[in-house]
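**Student:** Have a look; sequence and predicted model below, questions after that.
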Amino acid sequence: MTRRILSAIVLVAALVIVGFGVPLGAAVRDLYREEAIAQLVREAAHAGASVPSPIDLSDPIELPRSAHGIELGIYTPDGQRVTGAGPLHGGQEVALAATGRIAETEGDPFVVAAPLSSAERVFAVVRAELPAATVDSRVHRAWLLMTALAAGLLVLAAAVGRGLSGRIAKPVADLASASARLGHGDFTVRPGRSGIPELDEAAENLGVTAERLGRMLDRERAFSADASHQLRTPLTGLRLHLETALANPAVDPQATMNVALGEVDRLEATIDDLLTLAREAQTSRGPLDIHEVIDALEQTWHGPLAAHGRPLRIDIAAGPVTAHASRAAVSQILDVLLANASEHGSGVVQVHADHVGDGVVIDVSDDGPGPDGNPDAIFERRSGAGHGIGLSLARSLAHAEGGRLVLAHPGSPTTFRLALRDSDPAGPVP
């Protein structure tokens, strides 16, 4: 890239130099030719001042010293040379000057013939000539100087182009390297600033993209781990019931099969919810009927809780209770809370839903003592036996829906509170 930028800058500079240099060289040539003619006119006029009128052939005429390379001659009106240098016969230039006009010829040599008049009569002609080689040498020296100047400008353009191409190419190479690292999974790339606004904007956008992709990948990994835990829980329950039935031949196989089918149904519902959450777009969410969600939840958990002598009580406010959230997400959150109450709590499990302000609040409580220590610690993912993974997933889903999940009351009764927006997505979370 550096070579291409450098070549482009030098090429543009060369085209500009040629575009201006060629006409300028032609203008310099014409200028030197015009200057040569003007010099011949001046020398002829100066020499004419020393010619007496009329010409006395018996008295030699002394011509003044002329400039380097200029030859002067005095001619009679009929073209015969009287004194000085030049052809014996003056030719057409002297003949034209004899009519009272100054004759000029650009050739080899350059010739000027000027008339000398007295009493309105031309009595002599001064002829001045300059070899074309003298004029051409002046032109060539000027062209050589212009060529040297053009070469210097090209060298300067190459130096400036090299510095500029390096300044541009380095941040572009850094961006390419950062993009390659990002493509290989390095989300810590943060390209530096180069001072070029366009490249700095691209670098900033790449850094923001890398940061967002990193956060997104972290969330996806956490979600995958949490989701695997949600799938593992019903599978573990199913295995436990089947192993218990196999270990005890006296157990009614029909009851065992019914329990197993219930666990299978729960597993299928969990899989469906997780697939829905993975595919669902934010724009597809709309008003969610909380009555329907809790009714389905009651059908799932009433039997397992009753089998352990623990009642499930549902209390929903009269009238419509709706939230702007995903059905799959809310179902998973409440399922995690009821599973937590079933495994770690005791006594009656209560689910209460009502409008609070401009939102909806759903409380899940039981008579258990609650967790020890910091209440927020139970929502943190902890490796090992899988404790806390379900609650971590539940809080993540709540945040994704624009809501909150907190431990509202850590002691007996232990109460988890899910706060969601109502059907208006702009409404505040209670």
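**Tutor:** That came through, no problem. Please read these numbers as outputs of a predicted model, since none were measured by experiment.
**Student:** Domain boundaries for the chain, per the record?
**Tutor:** Here the domain assignment for the chain is 2-146, 192-279, 281-430, based on automatic domain parsing.
**Student:** Lowest average pLDDT across those domains?
**Tutor:** Of all the domains of the chain, the minimum mean pLDDT falls on domain 192-279 (a mean of 73).
**Student:** Next, count neighbours for the nearest residue to Gly303 once chain neighbours are set aside.
**Tutor:** Among residues not flanking Gly303 along the chain, Gly262 sits closest, at 6.7 Å (C-beta to C-beta, 6 or more residues apart in numbering). Bear in mind the C-beta positions are built from the backbone N, C-alpha and C, glycine included. Gly262: 17 surrounding residues under other C-beta atoms under 10 Å.
**Student:** helix or strand right after the helix or strand that contains Gly262?
**Tutor:** Assigned by DSSP states H and E, Gly262 falls within helix 253-279. As assigned by DSSP H and E, the chain's next helix or strand after helix 253-279 is strand 286-289.
**Student:** how about Leu154, what does it touch?
**Tutor:** Leu154 is in contact with Val10, Ala13, Ala14, Ile17, counting by C-beta atoms under 8 Å, 6 or more residues apart in numbering.
**Student:** The second one and Leu153 touch, don't they?
**Tutor:** Yes: assessed by C-beta atoms under 8 Å, Ala13 is found in contact with Leu153 at 6.6 Å.
**Student:** between these two, what contacts are shared?
**Tutor:** Here Ala13 and Leu153 have no joint contacts, going by C-beta under 8 Å, 6+ apart.
**Student:** So between those two, which is more surrounded?
**Tutor:** Ala13 (19 against 15).
**Student:** Ramachandran coordinates for the more buried one?
**Tutor:** phi -60, psi -40 (degrees, to the nearest 10).
**Student:** does Ser53 sit in a helix or strand, and which one?
**Tutor:** Applying DSSP H and E, one finds Ser53 in no helix or strand.
**Student:** Now it: closest residue in space, sequence neighbours ignored.
**Tutor:** Ser118 (4.0 Å).
**Student:** try Arg421
**Tutor:** His324 (4.6 Å).
**Student:** what do you get for Val364?
**Tutor:** Closest to Val364 by C-beta to C-beta, 6+ apart is Leu337, at 4.1 Å.
**Student:** ok, the one you found touching Thr415?
**Tutor:** No: Leu337 lies out of contact with Thr415 (C-beta under 8 Å); the separation is 10.0 Å.
**Student:** out of the two, which sits in the busier spot?
**Tutor:** Using other C-beta under 10 Å, the more surrounded residue of Leu337 and Thr415 is Leu337, with 27 against 19.
**Student:** any idea whether that one is helix, strand or coil?
**Tutor:** Recorded secondary structure, Leu337: helix (DSSP: H, G, I helix; E, B strand; the rest coil).
**Student:** so Val111 touches Ala128, yeah?
**Tutor:** Yes: Val111 is within contact range of Ala128, at 7.3 Å (criterion: C-beta under 8 Å).
**Student:** From the chain's centroid, how far away is the helix or strand where Ser165 lies?
**Tutor:** When elements are assigned from DSSP H and E, Ser165 belongs to helix 132-183. From the chain centre to the centre of helix 132-183 is a distance of 27 Å (C-alpha atoms, centre = their mean, to the nearest Å).
**Student:** most centrally placed residue in this structure?
**Tutor:** Ala202 (2.5 Å; C-alpha atoms, centre = their mean).
**Student:** so who does that one touch?
**Tutor:** Contacts for Ala202 (C-beta under 8 Å, 6+ apart) come out as Leu175.
**Student:** try 6 Å this time
**Tutor:** Not one residue lies near Ala202 by C-beta atoms under 6 Å, 6 or more residues apart in numbering.
**Student:** that older thread, compare Val111 and Ala128 (neighbour count), which wins?
**Tutor:** For Val111 versus Ala128, the count of surrounding residues by other C-beta under 10 Å is larger for Ala128: 31 against 23.
**Student:** ok, now which ones touch the more buried one?
**Tutor:** Leu40, Glu43, Ala44, Ile70, Leu72, Val112.
**Student:** which one of these sits closest to Ala178?
**Tutor:** Lowest distance from Ala178 to these (C-beta to C-beta) belongs to Leu40, with 72.1 Å.
**Student:** Would you map the strands across the chain?
**Tutor:** Counting by DSSP state E, the chain has strands at residues 71-75, 81-84, 103-105, 110-118, 121-130, 286-289, 312-316, 322-325, 349-356, 359-366, 404-409, 414-421.
**Student:** For Asp376, find the nearest of those strands.
**Tutor:** Closest among those, using C-beta to C-beta: strand 404-409, at 7.5 Å.
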